[in-house]
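Asks: I would like to see how this sequence folds:
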Amino acid sequence: MGGTFMSLPAEYRDYFIQNLHDALSGHTSRDVEEAVRYSEHAAIKCIGLTIETRPDYCLSPHLRQMLSYGCTRLEIGVQSTYEDVARDTNRGHTVAAVADCFCLAKDAGFKVVAHMMPNLRNVDMERDMESFREFFENHSFRADGLKIYRTLVIQGTGLYELWKTGRYKNYPPEQLVNLSTAICC
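Replies: Got it, this is the predicted structure:
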């Protein structure tokens, strides 16, 4: 489930998860707990549930709730290992909070997939490579998986205004390919 699922109202989350498990098992449950319990023993069951979240929605109470849903894997938006980039892109959390979140999630038994985003504002190729080097070498960021998203300029955002006035430039496609190749090698 994309976005920050745990930021949605609890009633909606429970409704969604209950209906997800019920749809797979064919059982009509009274509540989410029954749906998960029944699903665990059904012929057709949910064997892996991934929830996207942010560090501020990945605290112990959130983790317990996600485990109760049958969640097995979390996808967490890191974007960058630089504190100034997290601040300048209005992430709403620090890089240190990401590292803490990874530790809590792994200790709770989740697989963790990180989302990284090269070509953010005030980051050049060299700095992007250093961010990925930090991501791979720092034990605080030992993820079980990695998704790399390119930075998109979307109308109505601060980045769009910077792009419009020439204060932000996207990497050309071949530069992104070269960066991705360098990251993977």
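
Asks: which intervals of this protein have sub-threshold pLDDT?
Replies: Residue ranges of the chain with pLDDT under 70: 1-2.

Asks: residue nearest the centroid of it?
Replies: By C-alpha atoms, centre = their mean, the chain has its centre lying nearest to Ile76, at 2.4 Å.

Asks: can you map out the helices along the protein?
Replies: 10-25, 32-39, 60-68, 83-88, 95-107, 125-137, 158-164, 173-184 (DSSP state H).

Asks: elements contacting the first one?
Replies: Okay, so that is helix 10-25. helix 32-39 (3 or more C-beta pairs under 8 Å, 6 or more residues apart in numbering; DSSP states H and E). All C-beta atoms are positioned from the backbone trio N, CA, C, and that covers glycine.

Asks: so how far is the helix it packs on off the chain centroid?
Replies: A distance of 25 Å separates the centroid of the chain from that of helix 32-39, by C-alpha atoms, centre = their mean, to the nearest Å.

Asks: now stretch 29-38
Replies: 26 Å.

Asks: buried sites along it?
Replies: Using 16 or more other C-beta atoms under 10 Å as the test for burial, stretch 29-38 gives 29, 32, 35-36, 38.

Asks: so of those residues, which two are at opposite extremes in space?
Replies: Farthest pair in these (C-beta to C-beta) is Val32 and Tyr38. Separation: 10.8 Å.

Asks: joint contacts of these two?
Replies: Taking C-beta atoms under 8 Å, 6 or more residues apart in numbering as the contact rule, Val32 and Tyr38 both touch His21.

Asks: give me the number of residues near the closest residue to Asn138 other than its chain neighbours?
Replies: Once flanking residues are discounted, Asn138 sits nearest to Thr81: 7.3 Å by C-beta to C-beta, 6 or more residues apart in numbering. Counted with other C-beta atoms under 10 Å, the neighbours of Thr81 add up to 22.

Asks: please apply the same query to the one 4 residues further on.
Replies: Residues contacting Val85 under the criterion other C-beta under 10 Å number 20.

Asks: was I right about Asn122 contacting Asp84?
Replies: Yes: at 7.2 Å, Asn122 counts as touching Asp84 under the criterion of C-beta atoms under 8 Å.

Asks: tell me who's in contact with Met116.
Replies: Met116 touches 78-80, 131-132, 135, 146-149, counting by C-beta under 8 Å, 6+ apart.

Asks: look up how far Leu49 lies from it.
Replies: Distance of Met116 to Leu49, computed by C-beta to C-beta, to the nearest Å: 23 Å.

Asks: over to Tyr171?
Replies: According to C-beta to C-beta, Tyr171 stands 34 Å off from Leu49.
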